[in-house]
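>>> Have a look at this prediction, sequence included:
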Amino acid sequence: MHDVGLAVGVSAITVSRALYSPERVSDTLRSKILEAVDRLGYVPNRSARALASARSQTVLVLIPSLTNTVFIDTLAGIEDVLRPAGYQMLIGNTHYSAGEEMQLLRAYLEHQPDGVLVTGLSQPPEFAQTLERQGIPAVYMMDLTADGRRCVGFSQEDAGEAITRHLLERGRRRIAFMGAQLDERVLKRLDGYRKALRAAGRYDAALEDLDPAPSTMQMGADALTRLLQAHPDCDAVFCCNDDLAIGALAACQRLGLAVPQRMAIAGFNDLQPAGWVTPPLTTVATPRYRIGTEAARLLLASIAGEADAVTCHDLGFTVMPRASS
């Protein structure tokens with residue numbers, strides 16, 4: 001940084017301001033400094049800067065999957081807030097494992113992140129205790145809690161109940177549930193499904209098809225075939241995600257079952273293909289991108305020491321009735 005300053009004729013402090021607080025120098029001077037940075041091949045030393053500022057300018061983001069569109073959308077929202085604020089993401093893939101999540105937290109703490117964004121609420125007590133000992137703020141994404149933790153999401157149980165009530169309102173009486181992965185969010189949607197059907201006097205545990213394996217469209221097709229073989233009077237299915245629902249829809253078409261006349265199908269998340277399949281898929285739209293942006297904003301405010309007026313941010317969900325129901 002001192003060499004860059006000599007090349008431009010300014011102090012190292014001015015170079016630092018141009019790189020990290022550009023609003024404090026003129027555009028003309030900043031352009032000259034950036035030109036010298038490129039010419040000299042200067043690479044800022046993040047560790048040295050962290051020691052000087054007591055900040056690493058990094059945020060640890062723990063998500064359960066790097067292939068699930070839900071979490072890719074959330075990451076996009078997080079980055080769109082963190083990047084302009086001068087923060088970089090450290091991404092850890094937990095593979096839906098509480099053990100891996102804890103291992104990743106311990107490993108990434110060596111990089112001294114300024115905060116943590118974590119998916120879900122089912123971490124062991126050791127997780128929060130570790131963060132508290134280190135004085136690192138965290139925001140929990142995708143769900144809601146009243147236990148005082150900062151969170152941004154929506155009620156998974158309420159969403160499961162709402163889509164099941166929609167199927168009941170459409171006159172369906174033998175409504176099945178198709179679940180895969182069986183993580184905490186899927187199980188809460190299942191709770192909502194059970195709540196709605198019990199209230200209507202229509203609950204039958206035999207209509208639940210639960211598989212802990214990761215979901216695929218093929219799994220959805222296979223599960224629908226299995227359900228109909230065992231329960232030919234089944235007239236609707238709530239799938240825990242859109243992948244399963246699209247597979248179930250394809251199975252209906254292959255079996256010659258009219259949708260929605262014979263079988264109604266509903267998914268969850270409102271991924272892009274949901275509106276383009278035939279017939280378009282009834283589903284629940286979830287605010288994945290907004291969860292990322294709002295969680296990142298809440299975390300940055302916590303890092304800055306701002307008091308939380310509201311610790312739990314409910315972004316809601318929307319039932320999307322389409323032709324499949």
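That came in fine, so what should we check first? Residues are numbered from 1 along each chain as shown.

>>> In terms of helices and strands, where is V61?
strand 58-63 (DSSP states H and E).

>>> V319 too?
Using DSSP H and E, V319 sits in strand 318-320.

>>> what helices or strands is that strand leaning on?
Contact partners of strand 318-320 among helices and strands, from 3 or more Cβ pairs under 8 Å, 6 or more residues apart in numbering; DSSP states H and E: helix 156-169, strand 283-285. (Each C-beta comes from the backbone N, C-alpha and C, glycine too.)

>>> any idea which of the ones you listed is most buried?
strand 283-285 (a mean of 23; mean count of other Cβ atoms under 10 Å).

>>> Would you tell me what the next helix or strand after it is?
Using DSSP H and E, the helix or strand that follows strand 283-285 in sequence is helix 288-303.

>>> Identify the residues contacting that next one?
55, 59, 70-71, 73-82, 85, 87, 114-117, 137-139, 141-142, 150, 152-153, 269, 308, 313, 315 (Cβ atoms under 8 Å, 6 or more residues apart in numbering).

>>> Just the buried residues from those residues, in ChimeraX please.
Only the buried entries of these go into this ChimeraX selection, using 16 or more other Cβ atoms under 10 Å:
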select :59,70,71,73,74,75,77,78,79,81,82,87,114,115,116,117,137,138,139,141,142,150,152,153,269,313,315
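
>>> circling back: strands paired with the strand holding V61, and their directions?
Using DSSP bridges, strand 58-63 pairs in its sheet with strand 88-93 (parallel), strand 115-119 (parallel).

>>> between the helices and strands packed on strand 318-320, which one is nearest to A236?
Closest of the helices and strands packed on strand 318-320 to A236 is helix 156-169, at 4.7 Å (criterion: Cβ to Cβ).

>>> Which strands and helices lie in contact with the closest one?
On a contact count with 3+ Cβ pairs under 8 Å, 6+ apart, helix 156-169 meets strand 175-180, helix 184-199, strand 236-239, strand 264-266, strand 283-285, strand 318-320.

>>> just those: most buried one?
Each of the helices and strands packed on helix 156-169 was scored by mean neighbour count; the highest is strand 236-239, a mean of 30, by mean count of other Cβ under 10 Å.

>>> for the helix or strand following it, the distance to its chain's centre please.
Counting by DSSP H and E, the next helix or strand C-terminal to strand 236-239 is helix 242-255. When distances are taken as Cα atoms, centre = their mean, to the nearest Å, helix 242-255 is centred 25 Å away from the chain's centroid.

>>> Stretch 35-47 too?
35 Å.

>>> Now do the buried residues in that stretch.
36-37, 42.

>>> Out of those residues, flag the one nearest to M217.
V37 (48.7 Å).

>>> Doesn't that closest one lie inside a strand?
No: V37 is assigned helix when assessed by DSSP: H, G, I helix; E, B strand; the rest coil, not a strand.

>>> and it, what does it touch?
4, 19.

>>> Run the angle between the strand holding V61 and helix 288-303 for me.
Orientation of strand 58-63 against helix 288-303 (axes from the mean of the first three to the mean of the last three Cα atoms, to 10 degrees) gives an angle of 140 degrees.

>>> contacting residues around strand 58-63?
46, 71, 74-75, 78, 82, 87-94, 101, 104-105, 108, 111-119, 296, 299.

>>> And A12, how far from K32?
A12 sits 15 Å away from K32, going by Cβ to Cβ, to the nearest Å.

>>> thinking again about what came up before, could I get the buried residues of stretch 35-47 in JSON lines, plus columns for pLDDT?
Output for those, formatted as JSON lines (pLDDT from 0 to 100):
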{"residue": "A36", "pLDDT": "91"}
{"residue": "V37", "pLDDT": "90"}
{"residue": "Y42", "pLDDT": "85"}
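
>>> ok, those vs T286, which is closest?
The closest of those, once distances to T286 are taken by Cβ to Cβ, is V37, at 41.9 Å.

>>> got any ranges where the stretch 51-200 of the chain has weak pLDDT?
The model of the stretch 51-200 of the chain has pLDDT under 70 over residues 51-54.

>>> Go again with 90.
Residues of the stretch 51-200 of the chain meeting the criterion pLDDT under 90: 51-56.

>>> Then the stretch 201-325 of the chain?
Short version for the stretch 201-325 of the chain, where the test is pLDDT under 90: 306-311.

>>> now with 70?
Within the stretch 201-325 of the chain, no stretch has pLDDT under 70.

>>> chain center to the helix or strand encompassing D209: distance?
According to DSSP H and E, D209 maps onto strand 208-211. Centroid separation for strand 208-211 versus its chain: 23 Å, with Cα atoms, centre = their mean.

>>> With stretch 81-97 instead?
12 Å.
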